[in-house]
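# Requesting a structural model of the entry that follows:
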Amino acid sequence: MRAPVLTRESHRPRGDQMPRLLAGVEPRGGAIGLGEHLAQWGALDLRRVGGDLVDEIEASGLVGHGGAWFPVATKWRSVGAGGLRRPVVVANGAEGEPASSKDALLLTRVPHLVLDGASAAAAALGASRVVVYLPARLAPGLERAVEARRRRGLDPVEIEVVNAPDAFIVGQESAVVSALDGRRAVPSFVGLQPIRARGVGGRPTLVQNVETLAHVALIARFGAQWFRGMGTEQFPGTMLVTLSGRYAGPVVVEAPIGLPLRDVLGLSPEAGNEYRGALLGGYGGGWVSMPTLLEGDLTETSARKSKTTLGAGVVVLLPHSACPLAEVARVVRYMERQQAGQCGPCVHGLAALDEAVRTLVLRPKSLRGRVEPILDLCGLIEGRGGCRHPDGVARFVRSACSVFSDEVATHLRHGPCRLIDAPPTLPVPNSRSAHFGPRETGTP
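The predicted structure is shown next:
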């Protein structure tokens, strides 16, 4: 294996130095410009990057940070394997998950780290087209960063900036390809391999999350051994986590993978009494109790033991001032409206689940003391959709019924609680009101 593409040795940070991706980012500062970026990291000679970068990434153990946790080198090797057409590289910053802010932070504060990674991927794969796919509100700033690089001649392949629609599912790989081909941005009924072989314009296509590409930019500079200076053997490096519910607004933190969650979140052992529970992985993830959260660590393995996922790195702490069932109902209605409308579990299953959860919140006595009809609906939805969207909603609801079983029992026994109209904790885009309207009377 050839040595990695290094800048000056003086730019190499220690393996245990934090932060990495967010180095130089000030809480109230602006974007790190190209001059400051180059002064901090040095120039990355993209014309020297070749297929050996894939070997270096494999040695680094880097996995995708968009939510799938798939080995990056394996994914790259499958792009256009044996094909004749040059690939397309897509830096995916759509971030349709309302509880996540980390991709937007990277694109607005350290855009050149993302763009370095995208160009490095293009050089390693021999791509002839590079696209950054992101929300329209972020496009002007990124376009300025691209223009600054163009003036300096940094990128061998021209970088395009394309607006992503404002919806939950638009960041799914096949939805990205569909959008870039001028079609509706919804998932298709194909697996991941066909996209890597035949994606945008029928060409082999790599769709990679922007945080992953930012890590690539540093691995290309400092190598696999440096990257492995933090994290675990199975999941090396650091990751970005969007934390909500602890401070006035969402906060993005960078932490070594494998760190105890209580340390990542800055929680004391007594924090179990301060919150009702926590959401891991966003709206396609699941709820966990506070004792489970405080005993866990920042790994996908730990999250899956709790029957959820870290996803794209989302943690929401739910305060005692919120009704968890009302929070769940608001999100389920949002997710039902964000569906692709292409299969029965989305069209009919999510509509039924939406109605059932709202019944638990507003008219629980009509359920005759039983939550099983809701759980049965989750079982009918899971594993039957054309994409994973309905599975995620079912997991979100099923985990809530388990973690908040006391609140479920209270609603079933006494009717709606007084907190159902409290200000929402979980963000729901385009929600007109936090109030639910008519409900059973005589509530405690």
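
# Strands of the stretch 201-350 of the chain, residue ranges please.
205-209, 238-244, 251-256, 275-280, 286-288, 314-319 (DSSP state E, counting those that start in this stretch).

# Spatially, what comes nearest to residue 254 if we skip its sequence neighbours?
Of all residues beyond its chain neighbours, the one nearest residue 254 is residue 19 (4.5 Å), with distances taken as Cβ to Cβ, 6 or more residues apart in numbering. Placement of C-beta: from N, CA and C, glycine included.

# what does stretch 380-400 contact?
Contacts with stretch 380-400, where a contact means Cβ atoms under 8 Å, 6 or more residues apart in numbering, come from 168-169, 172, 174, 187, 189, 283-288, 307-308, 324-325, 328, 331-332, 335-336, 338-340, 342-346, 349-350, 353, 357, 374-375, 377-379.

# What about the residues you listed, which are in helices?
Among the contacts of stretch 380-400, the subset assigned to helices under DSSP state H consists of 174, 324-325, 328, 331-332, 335-336, 344, 350, 353, 357, 374-375, 377-379.

# The residues you listed, buried ones only, as a PyMOL selection?
The following PyMOL line selects those of those that are buried, judged by 16 or more other Cβ atoms under 10 Å:
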select buried, resi 174+324+325+328+331+332+335+336+350+353+357+374+377+378
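
# Tell me, please, where in the stretch 201-350 of the chain the pLDDT is lower than the cut-off.
Along the stretch 201-350 of the chain, the model assigns pLDDT under 70 to no residue.

# what packs against the host helix or strand of residue 147?
Assessed by DSSP states H and E, residue 147 sits inside helix 139-152. Contacts defined by 3 or more Cβ pairs under 8 Å, 6 or more residues apart in numbering; DSSP states H and E place helix 139-152 against helix 34-41, helix 102-109, helix 111-125, strand 129-135, strand 159-164.

# of all the ones you listed, which gets the most neighbours per residue?
Highest mean neighbour count among those (mean count of other Cβ atoms under 10 Å): helix 111-125, with a mean of 26.

# quick one: that one to strand 205-209, angle?
150 degrees (axes from the mean of the first three to the mean of the last three Cα atoms, to 10 degrees).

# Next, the angle helix 34-41 makes with helix 111-125.
70 degrees.

# The longest helix seen in the chain: how far from the chain's middle?
Scanning the chain for the helix with the most residues, using DSSP H, yields helix 210-227. On the basis of Cα atoms, centre = their mean, to the nearest Å, helix 210-227 sits 19 Å off its chain's mean C-alpha point.

# same check, this time on stretch 143-163
The chain centre lies 25 Å from the centre of stretch 143-163; the measure is Cα atoms, centre = their mean.

# Need the CA coordinates for it. PDB is fine.
Taking C-alpha atoms only, stretch 143-163 is exported to PDB below (Å, rounded to 0.1, in the frame of the first residue of the first chain):
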ATOM      1  CA  GLU A 143     -21.800  27.900  -4.000                       C
ATOM      2  CA  ARG A 144     -19.500  30.700  -2.700                       C
ATOM      3  CA  ALA A 145     -17.200  28.000  -1.300                       C
ATOM      4  CA  VAL A 146     -17.200  26.200  -4.700                       C
ATOM      5  CA  GLU A 147     -16.500  29.400  -6.500                       C
ATOM      6  CA  ALA A 148     -13.500  30.100  -4.200                       C
ATOM      7  CA  ARG A 149     -12.100  26.700  -5.000                       C
ATOM      8  CA  ARG A 150     -12.700  27.200  -8.700                       C
ATOM      9  CA  ARG A 151     -10.600  30.300  -8.700                       C
ATOM     10  CA  ARG A 152      -7.800  28.500  -7.100                       C
ATOM     11  CA  GLY A 153      -8.100  25.400  -9.400                       C
ATOM     12  CA  LEU A 154      -8.400  23.000  -6.500                       C
ATOM     13  CA  ASP A 155     -10.900  20.500  -7.900                       C
ATOM     14  CA  PRO A 156     -10.000  18.400 -11.000                       C
ATOM     15  CA  VAL A 157     -13.700  17.800 -11.600                       C
ATOM     16  CA  GLU A 158     -16.200  20.700 -11.500                       C
ATOM     17  CA  ILE A 159     -18.500  20.600  -8.500                       C
ATOM     18  CA  GLU A 160     -22.200  21.100  -9.000                       C
ATOM     19  CA  VAL A 161     -24.600  22.300  -6.300                       C
ATOM     20  CA  VAL A 162     -28.100  20.900  -6.600                       C
ATOM     21  CA  ASN A 163     -31.100  21.700  -4.300                       C
END
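
# Only the buried residues of that stretch, if you could.
145-146, 148-149, 154-155, 157, 159, 161.

# mind putting these in TSV, distance to residue 70 included?
Formatted as TSV, those follow (distance: Cβ to Cβ, whole Å):
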residue	distance to residue 70
145	28
146	27
148	32
149	28
154	29
155	26
157	24
159	24
161	26
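
# Kindly indicate which of the residues you listed lies nearest residue 64.
Nearest to residue 64 among the buried residues of stretch 143-163, counting by Cβ to Cβ, is residue 159 at 20.6 Å.

# The closest one touches residue 118, doesn't it?
Yes - because the distance of 6.7 Å satisfies Cβ atoms under 8 Å, residue 159 is recorded as touching residue 118.

# Overlap in contacts, those two.
Counting by Cβ under 8 Å, 6+ apart, the residues touching both residue 159 and residue 118 are 130, 132.

# Show me what residue 239 is bridged to.
Per DSSP bridges, the residues bridged to residue 239 are residue 255.

# Now for it: which residues touch it?
Taking Cβ under 8 Å, 6+ apart, one finds 65, 211, 254-255, 257, 298, 310, 313 in contact with residue 239.

# mind running it again at 10 Å?
Applying Cβ atoms under 10 Å, 6 or more residues apart in numbering, we find residue 239 in contact with 21, 63, 65, 69, 102, 211, 215, 231, 253-259, 264, 298-300, 310, 312-313.

# how near is it to residue 232?
11 Å (Cβ to Cβ, to the nearest Å).

# joint contacts of those two?
In contact with both residue 239 and residue 232: 256-259, 298-299, using Cβ under 10 Å, 6+ apart.

# Quick one: the residues you listed as JSON lines, columns for distance to residue 385 and neighbour count too.
Listed next are the shared contacts of residue 239 and residue 232 as JSON lines, based on distance: Cβ to Cβ, whole Å; neighbours: other Cβ atoms under 10 Å:
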{"residue": "256", "distance to residue 385": "35", "neighbour count": "20"}
{"residue": "257", "distance to residue 385": "30", "neighbour count": "23"}
{"residue": "258", "distance to residue 385": "32", "neighbour count": "21"}
{"residue": "259", "distance to residue 385": "34", "neighbour count": "19"}
{"residue": "298", "distance to residue 385": "29", "neighbour count": "25"}
{"residue": "299", "distance to residue 385": "27", "neighbour count": "20"}
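
# now, which of those sits nearest residue 417?
So of those, ranked by how close each gets to residue 417 (Cβ to Cβ), first place is residue 298, at 32.9 Å.
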